[in-house]
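> What would the 3D arrangement of this be:
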Amino acid sequence: MRVARWCCRRGRAAEELGLWGEVVEALLLLGRIADARGDRPGARARYARALRIAEEHSYGRGAAQAPVSLDSAG
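Residues are numbered from 1 along each chain as shown. The predicted structure is shown next:
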């Protein structure tokens with residue numbers, strides 16, 4: 001639970017600062033946490049948002065990783 005809260009804070013702070021790569025990484029981690037907890041819809045929502053932001057801001061690593069994560073959350 002602490003990790004999820006930390007990721008949420010990290011993501012919000014990064015978003016305020018325009019650090020889009022950090023936002024994507026936080027969303028990917030939150031997606032993995034949701035998936036591990038069995039929350040597939042929550043995981044898919046976070047992965048989809050990570051993909052959208054990664055593509056909008058040309059963050060290649062996130063744009064490559066998010067679709068794979070999205071597919072695995074089926």
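
> contacts, neighbours, all on C-alpha from now
OK.

> how many neighbours does Glu16 have?
Glu16: 10 surrounding residues under other CA atoms under 10 Å.

> tell me which element it is part of?
helix 2-17 (DSSP states H and E).

> any idea of the mean pLDDT in that helix?
Throughout helix 2-17, pLDDT has a mean value of 84.

> And that helix, what does it pack against?
On a contact count with 3 or more CA pairs under 8 Å, 6 or more residues apart in numbering; DSSP states H and E, helix 2-17 meets helix 20-36.

> picking up where we left off before, in the helix holding Glu16, which residues are buried?
Neighbour-count burial for helix 2-17, counted by 16 or more other CA atoms under 10 Å, picks out 4, 7-8, 10-12, 14.

> now that helix and helix 20-36, what's the angle there?
Between helix 2-17 and helix 20-36, the angle comes out at 150 degrees (axes from the mean of the first three to the mean of the last three CA atoms, to 10 degrees).

> In JSON lines: the buried residues of helix 2-17, plus distance to Arg37.
Listed next are those as JSON lines, based on distance: CA to CA, whole Å:
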{"residue": "Ala4", "distance to Arg37": "11"}
{"residue": "Cys7", "distance to Arg37": "15"}
{"residue": "Cys8", "distance to Arg37": "16"}
{"residue": "Arg10", "distance to Arg37": "20"}
{"residue": "Gly11", "distance to Arg37": "20"}
{"residue": "Arg12", "distance to Arg37": "22"}
{"residue": "Ala14", "distance to Arg37": "25"}
